[in-house]
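> give me coordinates for this.
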Amino acid sequence: MRRIVLAVLLVAMFISVAAFAVQAATPEDAKVLADKAVAFWKANGKDKAIAEFNNPKGQFVKGDLYVVVQAFDGVIVAHGGNQGLVGKSLLEQKDPSTGKYFVKEQIEIAKTKGTGWLEYNWVNPVTKKIGLKKSWIARVEGEDYLVNCGAYK
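Got it, this is the predicted structure:
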């Protein structure tokens, strides 16, 4: 009986650690996923890419890591973490902690540099709490869209 209880406890611990590991993404993980998303867009086209990025069970959503695509006018066209934001303009969205217009900053990075990092506060879809997020911004070459993927700290 003791062995069974010990085995059950070990399995439960393993599952808890595995679940935490899935949610504990790093900024480098975010960069890799964003770059993979841009490559997917280039290989498969806009429509197929956006459909896949919006799929909550697709290859571009992993725990608290997900891809967002927005047009340069601020309209969200894909959001793996919150489908309710698709079709909405977040151009005037402010960071709830700092008050900075982080969506405008994302667009500026994409337009002027093509790629880059940006930190801002946003709601984590797993914890439902606002947290600091470090995002990799990558412009889809030849398009007025950017891909954004970030890791929560």
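> C-alpha only now, for contacts and for neighbours.
OK.
> identify the bridge partners of the residue nearest to residue 124 when sequence neighbours are not counted.
In this structure, residue 124 finds its nearest non-sequential neighbour in residue 130, 6.0 Å apart by C-alpha to C-alpha, 6 or more residues apart in numbering. Taking DSSP bridges, one finds residue 123 as the beta-bridge partners of residue 130.
> tell me where the model's unsure across the chain.
By pLDDT under 70, the low-scoring segments of the chain are 1-23.
> how about the strands in it?
Counting by DSSP state E, residue ranges of the strands within the chain are 61-62, 65-71, 76-79, 115-123, 130-139, 145-152.
> residue 110: what's it in contact with?
If a contact means C-alpha atoms under 8 Å, 6 or more residues apart in numbering, then residue 110 has 116, 137, 138, 139, 146 as its contacts.
> show me what contacts residue 66?
30, 33, 60, 79, 80, 81, 149, 150.
> go through the contacts of residue 110 and name the one nearest residue 86.
residue 146 (14.2 Å; C-alpha to C-alpha).
> thought that closest one was touching residue 69?
Yes - look at residue 146 against residue 69 with C-alpha atoms under 8 Å: they come within range, at 5.6 Å.
> kindly indicate which of the contacts of residue 110 lies nearest residue 101.
Distances from residue 101 to the contacts of residue 110, taken as C-alpha to C-alpha, are shortest for residue 137 (15.0 Å).
> please enumerate the helices of this structure.
Using DSSP state H, the helices of the chain run over 2-23, 27-44, 46-53, 102-112.
> and the furthest pair within the contacts of residue 110?
In terms of C-alpha to C-alpha, those reach their longest pairwise distance at 116 and 146, which sit 11.0 Å apart.
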